[in-house]
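Participant: with the input below, show me the fold.
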Amino acid sequence: MTTRAGFIALIGEPNAGKSTLLNRMVGAKISIVTHKVQTTRARIRGVALEGDSQLVFVDTPGLFKPRRRLDRAMVSAAWAGAGDADIVVLMVEAHRGITEGVENILSALAERGGERPVVLAINKIDRVQRDKLLSLTQDLNERFKFEATFMISAEKGYGVDDLRRWIADRLPESPWLYPEDQIADIPMRMIAAEMTREKLTLRLHQELPYQLTVETENWEERKDGSVRIDQVIYVARSGHKGIALGPKGETIKAVSIAAREEISEFLGRAVHLFLQVRVREGWQEEAERYSEIGLDFSDGQE
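Facilitator: Modelled structure (predicted):
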């Protein structure tokens with residue numbers, strides 16, 4: 001039997017639907033999703049099977065104009081993911097069309113060159129009329145030579161199977177890269193931390209979600225089959241701690257309940273989750289914090 005395997009980088013502007021597509025392809029939630037931009041910070045790899053092919057999708061941070069060290073490290077991780085891939089999938093939101101950000105990504109793709117095929121996936125097609133979709137498809141293909149174009153809704157699943165089959169047929173012949181039952185290649189403690197950060201991002205407002213990070217400090221397997229997880233939420237200012245805790249601790253309690261339920265469902269067993277909020281001014285300038293997130297600290301250098 002001839003098997004195929006390879007890496008597929010999902011790139012695009014923040015909130016283009018990359019994480020939603022990754023979770024749809026894998027069939028499980030391994031990358032967190034919120035309505036806020038820049039939710040994904042590091043490269044998340046999810047593994048899917050299609051016939052005799054193993055598809056390793058790489059969910060990358062959104063591509064945008066970086067301002068801070070963390071931003072620069074995230075954008076660098078995104079382009080590194082594209083550079084290492086066998087196939088690149090550029091995701092564009094149908095209802096937003098060709099934005100300045102999309103123009104910049106197309107220019108960067110042209111400059112970086114390479115022989116790897118680039119596929120266009122116009123996402124959220126259920127939000128626009130068919131004639132606008134056709135016009136957008138034509139405009140984008142006039143700007144860049146895509147190998148193929150797919151119109152999809154990652155959230156509802158429209159067109160996703162066609163995209164997966166197309167990719168599977170074009171990956172290089174190779175033994176599979178991961179065991180058949182593996183769906184992700186990031187540590188479970190990092191997935192758990194990301195699930196908690198998602199709940200915080202959904203509950204907190206304005207800039208605060210971008211000013212905090214979550215780390216799993218301790219993971220203890222218990223004899224009864226359950227697991228105890230201790231996580232630390234680092235915030236940059238003392239004022240942020242009070243906001244994260246909420247009145248009488250209501251916010252952190254709600255976050256803890258929601259995160260515990262999701263981690264427990266993912267693991268298929270009972271979870272005892274303990275959260276602490278610590279003030280750590282300047283955590284965005286600490287190399288250790290970047291390692292915990294899965295980013296390279298040196299990539300944030302100007």
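
Participant: if we look at the one helix or strand residue 240 maps to, which residues are touching it?
Facilitator: If you go by DSSP states H and E, residue 240 is part of helix 238-245. The set of residues external to helix 238-245 that reach it, using Cβ atoms under 8 Å, 6 or more residues apart in numbering, is 200, 204, 208, 211, 212, 233, 235, 251, 252, 277, 278, 279. C-beta here means a position set from N, CA and C on the backbone, and glycine is covered the same way.

Participant: the nearest residue to residue 280 once chain neighbours are set aside in helix, strand or coil?
Facilitator: Nearest residue to residue 280, sequence neighbours excluded (Cβ to Cβ, 6 or more residues apart in numbering): residue 234, at 4.5 Å. What DSSP: H, G, I helix; E, B strand; the rest coil gives for residue 234 is strand.

Participant: what packs against the helix or strand that contains residue 105?
Facilitator: Here residue 105 is covered by helix 100-112, with elements defined by DSSP H and E. When contacts are defined as 3 or more Cβ pairs under 8 Å, 6 or more residues apart in numbering; DSSP states H and E, helix 100-112 sits against helix 69-83, strand 87-93, helix 130-143.

Participant: quick check: mean pLDDT of it?
Facilitator: Averaged over helix 100-112, pLDDT sits at 89.

Participant: and that helix, what's buried?
Facilitator: For helix 100-112, burial by neighbour count (16 or more other Cβ atoms under 10 Å) applies to 101, 102, 105, 106, 109.

Participant: the first one - nearest residue in space that isn't next to it in sequence?
Facilitator: Nearest in space to residue 101, with sequence neighbours left out and distances taken as Cβ to Cβ, 6+ apart, is residue 13 at 4.4 Å.

Participant: so that neighbour versus residue 22, what's the distance?
Facilitator: According to Cβ to Cβ, to the nearest Å, residue 13 and residue 22 sit 16 Å apart.

Participant: have a look at the two and say which one is more surrounded.
Facilitator: Per other Cβ atoms under 10 Å, whichever of residue 13 and residue 22 has more neighbours is residue 22, with 27 against 22.

Participant: tell me where the model's unsure across the stretch 101-250 of the chain.
Facilitator: Judged by pLDDT under 70, the stretch 101-250 of the chain has its weakly predicted residues at 113-114.

Participant: residue 225: neighbour count?
Facilitator: Using other Cβ under 10 Å: residue 225 sits among 9 other residues.

Participant: tell me how far the closest residue to it other than its chain neighbours lies from residue 228.
Facilitator: Counting by Cβ to Cβ, 6+ apart, residue 225 lies nearest to residue 269, which is 5.5 Å off, once chain neighbours are set aside. Residue 269 is 12 Å from residue 228, where distance means Cβ to Cβ.

Participant: many thanks, we can stop here.
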